[in-house]
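J.: Okay, predicted coordinates and the sequence, questions at the end:
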2 protein chains.
Amino acid sequence: MDGIKERLLETAQALIQTRGYNGFSYRDIADKVGIRAASIHYHFPTKECLGAAVAAHYTDAFMAELDRARDRTKDPVELLRAYAGLFRRTLATKDRMCLCGMLAAEVAALPISVAAETKRFFQENLRWLTAVFADAAGDHGKASPSPIPEEQASHFLALLEGAMLVAKASGDIGAFDRTVRTELGRLQ
Amino acid sequence: MDGIKERLLETAQALIQTRGYNGFSYRDIADKVGIRAASIHYHFPTKECLGAAVAAHYTDAFMAELDRARDRTKDPVELLRAYAGLFRRTLATKDRMCLCGMLAAEVAALPISVAAETKRFFQENLRWLTAVFADAAGDHGKASPSPIPEEQASHFLALLEGAMLVAKASGDIGAFDRTVRTELGRLQ
DNA sequence: GTCTATAAGATGATAGAC
DNA sequence: GTCTATCATCTTATAGAC
């Protein structure tokens, strides 16, 4: 099951994360995997199929990691640190953008099924983050104006996606780290 | 001076903002402007020239608007509200991504001169925002841990760029508005 | 499952007429 | 300045052999 289909998915994912959906071709994948471009159509008949499969696989893997983190700890700040860590790993180890952050920017140019999978990534992430922030609010006895969990979630996700863009444009991952550290410190 | 060169720039800008640098062609521009694709090469010999000119023009116009805002008021929160308003206009009136936010995501796939202009946009924006936050810090007599203006600038820019991505993926501009309103309220 | 061959169209770019 | 014509190359996708 760790066959060629997975290698195609991972290679396509890397290409989308660095070049965008319209910035890669079947041939680019073929050259990296060591197969002919036409052969890819056997596994993924169209580029839309491939793109949707990549986005779905990415979202599922992402959410699975988040659920594992939730099994390890219930501490909200610790969970948010783990959450930010997922984004950091993408940026630091491969100099890639968040797959769905990239696709979100291009959403107007995407086939519908790819756009739909992109939307799902954000929906599920916002749901997970909202639960974490709602938990955190319950911890303290509602101090100060008590922020809305949904807005905190949207804020945190936007901050991380944007910090990745700033880091990529500046060529400085430190910018991402500083933004995350400050935000986590503020939440504590 | 409001001739065809400007129409080509504006059309190319709109295409990059919605489809990305690799998501449009000379023919796309030609169809919208009412000229043949080959004729564009007279004004912009290569796609790299065109891309760099679009980014440069965008950054210059953006900074010019910010300087005008600075002439109107010195109130930091009012300036940040105006700053966020520029991003909102892009998102709301044309459903476009910030040009350089889009290019930042694709930076690994860009010709060097286009990547360089993208970097300049972020540098100049961070410089402007840093000055605003430094001003704001001087207003009060250094209350609490006194945040670093450079980090506040990077944070604010990242938040706006990311909020645009979240809004685009969700198909909900309200998400952008809520994020901005909450952040401005927090800064007051 | 992967290959070759091929289609049908898009792409960035150039040459030369008007 | 804009056109037509043309180029070499790339792109997604299909058909059929192995």
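T.: It's in.

J.: quick check, the longest helix belonging to chain A touching DNA strand D?
T.: Ranked by residue count, the top helix of chain A under DSSP state H comes out as helix A:112-139. No. Applying Cβ under 7 Å from any atom of the strand, one finds helix A:112-139 out of contact with DNA strand D, separated by at least 11.7 Å. Where you see a C-beta, it was placed from the backbone N, CA and C, and this is true even at glycine.

J.: What residue in chain A comes nearest to chain B?
T.: residue A:162 (2.8 Å; Cβ to the nearest Cβ).

J.: Just give the nearest non-adjacent residue to that residue, would you?
T.: Once flanking residues are discounted, residue A:162 sits nearest to residue B:162: 2.8 Å by Cβ to Cβ, 6 or more residues apart in numbering or on different chains.

J.: Surely the one you found is in contact with residue A:165?
T.: Yes. At 7.2 Å, residue B:162 counts as touching residue A:165 under the criterion of Cβ atoms under 8 Å.

J.: more crowded one of these two?
T.: Comparing residue B:162 with residue A:165 by other Cβ atoms under 10 Å in any protein chain shown, the one with more neighbours is residue A:165, at 32 against 29.

J.: Please report how far the residue of chain A closest to chain B lies from residue A:105.
T.: To residue A:105, residue A:162 is 11 Å away according to Cβ to Cβ, to the nearest Å.

J.: Which residues are in contact with each of the two?
T.: Contact criterion Cβ atoms under 8 Å, 6 or more residues apart in numbering or on different chains; residues shared by residue A:162 and residue A:105: B:101, B:165.

J.: what sits against the most centrally placed residue in chain A?
T.: What sits nearest the mean C-alpha location of chain A, by Cα atoms, centre = their mean, is residue A:98, with 4.4 Å. Counting by Cβ under 8 Å, 6+ apart, residue A:98 makes contact with A:17, A:87, A:90, A:160-161, A:164.

J.: Please state the backbone phi and psi of it?
T.: Main-chain torsions, residue A:98, degrees, to the nearest 10: phi -50, psi 130.

J.: Need the pLDDT of it.
T.: On the pLDDT scale, residue A:98 is placed at 98.

J.: And residue A:128, by the same measure?
T.: 98.

J.: ditto for the one 10 residues further on
T.: Taken from the predicted model, the pLDDT recorded for residue A:138 is 79.

J.: For the closest residue in space to residue A:131 that isn't next to it in sequence, give its distance to DNA strand D.
T.: Excluding the flanking residues, the one nearest residue A:131 by Cβ to Cβ, 6+ apart is residue A:149, at 7.8 Å. Distance, residue A:149 to DNA strand D, by Cβ to the nearest atom of the strand, to the nearest Å: 40 Å.

J.: Then residue A:4?
T.: 16 Å.

J.: same thing with residue A:67?
T.: On the measure of Cβ to the nearest atom of the strand, residue A:67 and DNA strand D end up 33 Å apart.

J.: Name the helix or strand for that residue, please.
T.: helix A:47-72 (DSSP states H and E).

J.: anything in that helix near DNA strand C?
T.: No. Figure legend: helix A:47-72 not in contact with DNA strand C (Cβ under 7 Å from any atom of the strand); closest approach 13.1 Å.

J.: Mind checking what helix or strand follows that helix in sequence?
T.: Following helix A:47-72 in sequence, per DSSP H and E, is helix A:76-94.

J.: Now that next one: buried residues?
T.: A:76, A:79-84, A:87-88, A:90-91 (16 or more other Cβ atoms under 10 Å in any protein chain shown).

J.: still on that earlier bit, show me which of the contacts of residue A:98 neighbour DNA strand C.
T.: Of the contacts of residue A:98, not one also sits near DNA strand C (Cβ under 7 Å from any atom of the strand).

J.: which pair in those residues spans the largest distance?
T.: Farthest apart among those by Cβ to Cβ are A:17 and A:160. That separation is 15.0 Å.

J.: Tell me which of the two has more neighbours.
T.: residue A:160 (27 against 24).

J.: What helices and strands are in contact with whichever strand or helix holds the more buried one?
T.: In this structure, residue A:160 sits in helix A:149-170 according to DSSP H and E. Counting contacts by 3 or more Cβ pairs under 8 Å, 6 or more residues apart in numbering or on different chains; DSSP states H and E, helix A:149-170 is packed against helix A:76-94, helix A:99-105, helix A:112-139, helix A:173-187, helix B:99-105, helix B:112-139, helix B:149-170, helix B:173-187.

J.: Residues in contact with the last one: which ones?
T.: By that I understand helix B:173-187. By Cβ under 8 Å, 6+ apart, helix B:173-187 touches A:147, A:151, A:154-155, A:158, B:76-77, B:80-81, B:84, B:87-88, B:91-92, B:136, B:156, B:159-160, B:163-164, B:166-167.

J.: rerun at 6 Å
T.: A:151, A:154-155, A:158, B:77, B:81, B:84, B:91-92, B:163, B:166-167 (Cβ atoms under 6 Å, 6 or more residues apart in numbering or on different chains).

J.: what's the angle between that helix and helix B:112-139?
T.: Interaxial angle, helix B:173-187 versus helix B:112-139 (axes from the mean of the first three to the mean of the last three Cα atoms, to 10 degrees): 40 degrees.
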